[in-house]
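> Dropping a prediction and its sequence here:
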Amino acid sequence: SQFQIQTLASNSGRRPLCRPGPIPQCPKPQSQSPIPNPQSRIPDRRPDKRPVSQSPNPHNPKPQSPIPIPNPQSQSQIQTLGEARVLVRRPALELLSLLKGSDFTRPAVRYLIYGERGTGKSLSLSHVLHGCWRQGWLILHVPDAHAWVRSCRELLPSSHRRERLEQPLQASAWLRAFKSCNERFLTEVRGLSRVRSASDAVGVVLRELRQQCQRGSFRLLVAVDGVNALWGRTALRRDDGTPVRKGQLGTGWDLGVFCVDFGCILAVFWVGFGCIFAVFWVVFWPYPPDPSQEGFDALDPFVPIAVPNYSPREFESCYSYYLERRWLQHPNGQCWEGKGGEGREGRGGRGRREGRGGEA
Amino acid sequence: MAAPSAVGLSRRLRAWLPRIMPVRWSRYDPSYLEPEVNKELYQKPPEKLTEEEREQMELKAVRPIKAAPPTLSSSVFSDPMVSKFTNMMMKNGNKVLARSLMSQTLEAIKRKQLEKYHKAPENEKEAIECNPYVIFHQALKNCQPIIGLSSITRGGKTYQVPVPLTDNRKRFLAMKWLITECRENKHRRTMMPEKLSQELLLAFNNEGPIIKKKHVLHKMAEANRAYAHFRWW
């Protein structure tokens, strides 16, 4: 494998080191992938379904998970089939077990979920986040880092520093999401209604979290989806047309969730031995674009977790779930050719929804 | 005078006027066979073939075969009605767009029906049809008029005469009405799959503007019943 891992952080407590090898090249993008469905129960490793969150049901009053589902594809599937089911796959299970068994007295471990396009990285992250939320962790979730560096409606010059710019809309949206996610932890969150100071409010929140984490009062999980956006080029322009470079975004983010400051916060974490705080970073790196060297250095060292395509068993399980929920309506969908025939087996059993030509 | 046969006509035309050739007539020699796309036929062992199929297979060894048109598919999901509808929706030869719109329409139908299905109580679940192909075919069938009107001029006046329609014409009219209804009488900003799925579901339940149009046509034919004798074919 490209990354040589010496030890995994289990109970030994030794920090995993990995020496970065050559960054794997992304092969040609695959066709549409299905939503991961088959689950594997931990003891017997058989694919099976486990509902993550269900529509409100008086017989099943479990709390609904506030963690947002990443893709519009997943969201529409949840709405159509009436329930949110997640395929429990090996990468998510590994990550959950690693997080469970992690040692909080040590500095934070960073995990990087990588893989080809459409293999299920974002959904694995949602799965892990949900698991941690259920166990009572505080979640710091950035649903889509790419959304911050592109297509921003309001970009104001910051009140604190002259070169930096703020994104009040996105900051307030993130604060709202953060509040709904972590209601049981928060005593007060300022700045929600006053959109102007939302970015600063975000900075305040991060500073608070940092201090509180040092005391060890709760466990914090930081997850960024699409982390390579933070080191790539931004697509934002100022009013006069000059492009925004990545060092210039986000005053409220000066604790380093953003761009160049990312490096600062990470550097701070690694200073010295013996516990800084119990923060576990789970970040994403969908290839491509632009896994730049700078970002790599900033994130390094990390534990890489690969997310492969579906195995034949996962595909079969996914298919049977769709059949059970009546998503696959065409009578020919159940034969060998309807499932993809030789093409599917030739590609090593990659799961696919019936493609655009063969709908239903 | 008796009309000359089509084949003879084309041969004579070819000899005398090589540039003026009929566009819609086939240029293939009659000995050419149609391509057979059905995979199951080829996978059958030779003992199970019927007499006709065996003859066909023997002919294929001797005769040349026409080129398969690009719309002919061996996929298990291909449907000639759906292909025809896609072609009618196509503009400026953009088949890719038309096909994607068609598949999005079918998906939209399926999603709407599935949502209804999952929310319905147990006893009503069987009544809800979720297969978009079934809905599509039934909707088109419901939209097909039985009798049409033809303009015939007698003594300077043009009369609308009720005439029977061929199957092809009925199918064409149903599809044409569906597409024009969606293109013209809806809000500008709605997407085609949304509009089409809505119209197809209404037609499936025998409601909606297209069924009304069909009924209007039937009523006009009924009203002009007196001129039916003007028809000579």
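Good, I have the coordinates.
> which secondary structure elements does whatever helix or strand residue B:102 lives in contact?
If you go by DSSP states H and E, residue B:102 is part of helix B:95-119. For helix B:95-119, the elements it packs on are helix A:72-81, helix B:80-89, helix B:132-143, helix B:192-204, judged by 3 or more C-beta pairs under 8 Å, 6 or more residues apart in numbering or on different chains; DSSP states H and E. (Glycine included, C-beta is placed from N, CA and C.)
> Measure how the very next helix or strand once past the longest one sits relative to helix B:132-143, angle-wise.
Downstream of helix B:192-204, the next assigned helix or strand under DSSP H and E is helix B:209-223. Counting by axes from the mean of the first three to the mean of the last three C-alpha atoms, to 10 degrees, helix B:209-223 points 30 degrees away from the direction of helix B:132-143.
> quick one on the thing from earlier: mind listing what's buried in the helix holding residue B:102?
B:98-99, B:101-114, B:117-118 (16 or more other C-beta atoms under 10 Å in any protein chain shown).
> thinking again about what came up before, Serialize the helices and strands packed on helix B:95-119 to CSV and add fields for mean neighbour count, distance to residue B:164 and mean pLDDT.
What follows is the helices and strands packed on helix B:95-119, written out as CSV (neighbours: other C-beta atoms under 10 Å in any protein chain shown; distance: least, C-beta to C-beta, whole Å; pLDDT from 0 to 100):
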stretch, mean neighbour count, distance to residue B:164, mean pLDDT
helix A:72-81, 16, 43, 84
helix B:80-89, 17, 21, 95
helix B:132-143, 20, 17, 96
helix B:192-204, 21, 22, 96
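> what about whatever residue of chain B ends up closest to chain A, which SS state?
At 3.2 Å from chain A, residue B:77 is the closest residue in chain B, using C-beta to the nearest C-beta. Of the three states, residue B:77 takes coil according to DSSP: H, G, I helix; E, B strand; the rest coil.
> Give the burial count for it, as a bare number.
The number of residues packed near residue B:77 is 18, by other C-beta atoms under 10 Å in any protein chain shown.
> Do me a favour and get the backbone dihedrals for it.
Phi and psi for residue B:77, reported as degrees, to the nearest 10, are phi -100, psi 0.
> can I get the helices and strands packed on helix B:95-119 in CSV with distance to residue B:72?
Below are those laid out as CSV (distance: least, C-beta to C-beta, whole Å):
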stretch, distance to residue B:72
helix A:72-81, 32
helix B:80-89, 9
helix B:132-143, 19
helix B:192-204, 25
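> And these: which comes nearest residue B:216?
Across the helices and strands packed on helix B:95-119, residue B:216 has its closest neighbour in helix B:132-143 (12.6 Å, C-beta to C-beta).
> which helices and strands does the closest one pack with?
helix B:80-89, helix B:95-119, helix B:167-184, helix B:192-204, helix B:209-223.
> okay, the angle between the helix or strand following it and helix B:209-223?
Moving toward the C-terminus from helix B:132-143, the first helix or strand encountered (DSSP H and E) is strand B:147-154. Interaxial angle, strand B:147-154 versus helix B:209-223 (the same axes, to 10 degrees): 50 degrees.
> Paired strands for strand B:147-154, with orientation please.
strand B:157-164 (antiparallel) (DSSP bridges).
> So residue B:93: helix, strand or coil?
Strictly by three-state DSSP, residue B:93 counts as coil.
> quick revisit: could you redo the helices and strands packed on helix B:132-143 as JSON lines and give each row distance to residue A:80?
Output for the helices and strands packed on helix B:132-143, formatted as JSON lines (distance: least, C-beta to C-beta, whole Å):
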{"stretch": "helix B:80-89", "distance to residue A:80": "21"}
{"stretch": "helix B:95-119", "distance to residue A:80": "5"}
{"stretch": "helix B:167-184", "distance to residue A:80": "23"}
{"stretch": "helix B:192-204", "distance to residue A:80": "13"}
{"stretch": "helix B:209-223", "distance to residue A:80": "26"}
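> quick one: which of those is nearest residue B:62?
helix B:80-89 (28.7 Å).
> now what about the closest one, what contacts it?
Contact with helix B:80-89 is made by B:71, B:73, B:95, B:98-99, B:101-102, B:106, B:133, B:136-137, B:140, B:171, B:175-176, B:179, B:192, as judged by C-beta atoms under 8 Å, 6 or more residues apart in numbering or on different chains.
> let's see 7 Å
Contact with helix B:80-89 is made by B:71, B:98-99, B:101-102, B:136-137, B:140, B:175-176, B:179, as judged by C-beta atoms under 7 Å, 6 or more residues apart in numbering or on different chains.
> and chain B, which of its residues are near chain A?
Contact residues, chain B versus chain A (C-beta under 7 Å from any C-beta of the partner chain): B:75-77, B:100, B:103, B:106-107, B:110-111, B:114-115, B:117-118, B:130-133.
> Can you find the helix or strand of chain A with the lowest average pLDDT?
Sorted by mean pLDDT, DSSP states H and E, the helices and strands of chain A end with helix A:259-270, the least confident at a mean of 32.
> quick one: average pLDDT of the helix holding residue B:102?
Here helix B:95-119 scores 95 as its mean pLDDT.
> so does the strand or helix carrying residue A:85 get close to chain B?
Here residue A:85, judged by DSSP H and E, is contained in strand A:83-87. No: Strand A:83-87 does not reach chain B (C-beta under 7 Å from any C-beta); its nearest approach is 8.3 Å.
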